[in-house]
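Visitor: model the structure of this input:
(one chain, ligands or ions: 1)
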Amino acid sequence: MNGHPTPDVDLAIVNGRVYTPEGFADASVGIRDGRIAYVGDPATAPPARDTVDADGALVVPGLIDLHTHVYLGSARLGVNPDKTAARSGVTTWVDAGTSGAGTFEGLLLHVRDRSRARVVPFLNMSYIGLAPAGMLTREVGELWDPAFADLRAVLRAAEEFPGEIKGIKVRASSNALGDNAPVVLPQAREAADELQVPLMIHIGMAPPTLPEVLPYLRAGDLLTHCFHPHAGGRIIGSDGRVRPEVRDAVARGVLLDVGHGVASMSHRVTQQALDEGLLPDSLSSDLHAENVGGPVKSMLTVMEMFLALGMPLEEVLDRSTRRPAAAISRPDLGRLEPGATGDVAVLALEPTDRWKQDSTGVRIQLTQRFVHRLTVVGGEILAPFDDGRNEFRSSPWLSKFGATEDDDH
Ligand SMILES: [Zn+2]
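Guide: Below is the predicted model:
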């Protein structure tokens, strides 16, 4: 280290296969004062206060899940970010618009500030956020009444909580906004521009159609549920190939986010995109109360799916760490090198012959599975715990889409 004496570290992770920006290395990782202090030759590693033996497992940056719902106790969808972080290695949770301007402060006070895992809030364009999403006897979308898309309320929240809104989220599918896209999407665009944050647009069943949505997305914005199977909003056109409008969007810097979820994943659409060289930028889960018990359980399931579809391990990890970190402008996250934030996941990779089913009932056989060993947030080990709360809430979606619960995590 440039001839300077090597400092001691608080925590060392040894005997792991470390995923660094330069690739895999048999290295030791040292963390001091919440930051990565050493990645390198075990022979010259600094002495550590505490040492964890990774026993040959992968040592990777703390995973970053760009599409989750962690507003527990407010929206019925919410799951406890720490609880899943501790069993999966996901250390950064982007809450994808569970809160709207009317409920945003609660997400900061009751969830973000009380969680050890990092919670990064994207604000829903609907004032009421996702409180009603799929929850009432009669379906009521959060923007079926366009009055809930209130740009003034969003800007007021941004003024009241400066710098706290890290993105704008809007669900652009008929179940969320009916036929109000022409009223809602321009306001969402303006909100993201005013706040200078990414715009995340969910796609699904039309209206609006995908070609009606894409013009609202610019470089650095996110198209989530990018591989969903529903009519009108699918990235695959009637000729069975990726639509040219999607290629144009990607060429101008729009990012593709998986947002697996319950109803939003088609293995066939995904395989077609991969076959044509169209890769997702982030392998997010859309984890929420109705899929945390299965079929999603955690982002590891999404990563295993991409391994089974032929994506190399390095690419799977890059799209679960460095790339999502860049999407939220957090270059201190998602990489293991001195100076970076001390978020680490230790994961063993084991062969498996289990099957995974998508939203359309299509099954694929998995090849490898991730077995979680350790989660470290800001240099501190986050041990698995039981908060006594069963957060899995069954939903008609599960049986409707034939989802199963045969996963291990
Ligand atoms: Zn979602």
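Visitor: the residue in the stretch 51-200 of the chain positioned nearest to the ion: neighbour count?
Guide: When you check the stretch 51-200 of the chain against the ion by C-beta to the ion, the closest residue turns out to be Ala96, at 4.9 Å. The way it works is simple: take the backbone N, C-alpha and C, and place the C-beta from them, glycine included. Using other C-beta atoms under 10 Å, the number of residues around Ala96 comes to 30.
Visitor: number of residues surrounding the closest residue in space to it that isn't next to it in sequence?
Guide: Beyond its immediate neighbours in the sequence, the residue positioned closest to Ala96 (C-beta to C-beta, 6 or more residues apart in numbering) is His67, lying 4.5 Å away. His67: 32 surrounding residues under other C-beta under 10 Å.
Visitor: ok, His67 - contacts?
Guide: Shown here is His67, whose contacts under the criterion C-beta atoms under 8 Å, 6 or more residues apart in numbering are Val94, Ala96, Met200, Thr224, Asp257, Val258, Gly259, Ser282, Ser284, Ser285, Asp286.
Visitor: so which of those wins on neighbours?
Guide: Note: the member of the contacts of His67 with the most neighbours is Ser284, at 33 neighbours, neighbours being other C-beta under 10 Å.
Visitor: now do the contacts for Val79.
Guide: Thr68, His69, Val70, Leu72, Leu287, His288, Ala289, Val292, Glu391.
Visitor: hang on, the first one packs against Asn291?
Guide: No: Thr68 is beyond contact range of Asn291, at 10.6 Å (criterion: C-beta atoms under 8 Å).
Visitor: which residues are common contacts for the two?
Guide: Common contacts of Thr68 and Asn291, defined by C-beta under 8 Å, 6+ apart, comprise Ser285.
Visitor: where does the chain get nearest to the ion, which residue?
Guide: Checked against the ion (C-beta to the ion), the nearest residue in the chain is Asp286, 4.3 Å away.
Visitor: ok so, going back, so the residue of the stretch 51-200 of the chain closest to the ion bridges to which residues?
Guide: Going by DSSP bridges, Ala96 is paired in beta bridges with Phe122.
Visitor: check contacts around it.
Guide: Under the contact definition (C-beta under 8 Å, 6+ apart), the residues listed for Ala96 are Leu66, His67, Thr68, His69, Phe122, Lys169, Met200, His202, Thr224, Gly259, Asp286.
Visitor: gap between the second one and Ala153?
Guide: Yep, that's His67 we're talking about. Noted for His67: a distance of 23 Å to Ala153, by C-beta to C-beta, to the nearest Å.
Visitor: the helix or strand hosting Val170 pairs with which strands?
Guide: Val170 belongs to strand 167-172 when assigned by DSSP states H and E. Take DSSP bridges as the rule and strand 167-172 pairs in its sheet with strand 118-124 (parallel), strand 199-203 (parallel).
Visitor: could I have the helix or strand just after the last one exported to CSV, CA atoms only?
Guide: When you say that, I think you mean strand 199-203. Following strand 199-203 in sequence order, the next helix or strand is helix 210-213 (DSSP H and E). What follows is helix 210-213 as a C-alpha-only set of coordinates in CSV (Å, rounded to 0.1, in the frame of the first residue of the first chain):
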residue,chain,number,x,y,z
LEU,A,210,-44.9,0.4,-24.6
PRO,A,211,-44.3,2.8,-27.6
GLU,A,212,-46.5,5.3,-25.7
VAL,A,213,-44.3,5.0,-22.6
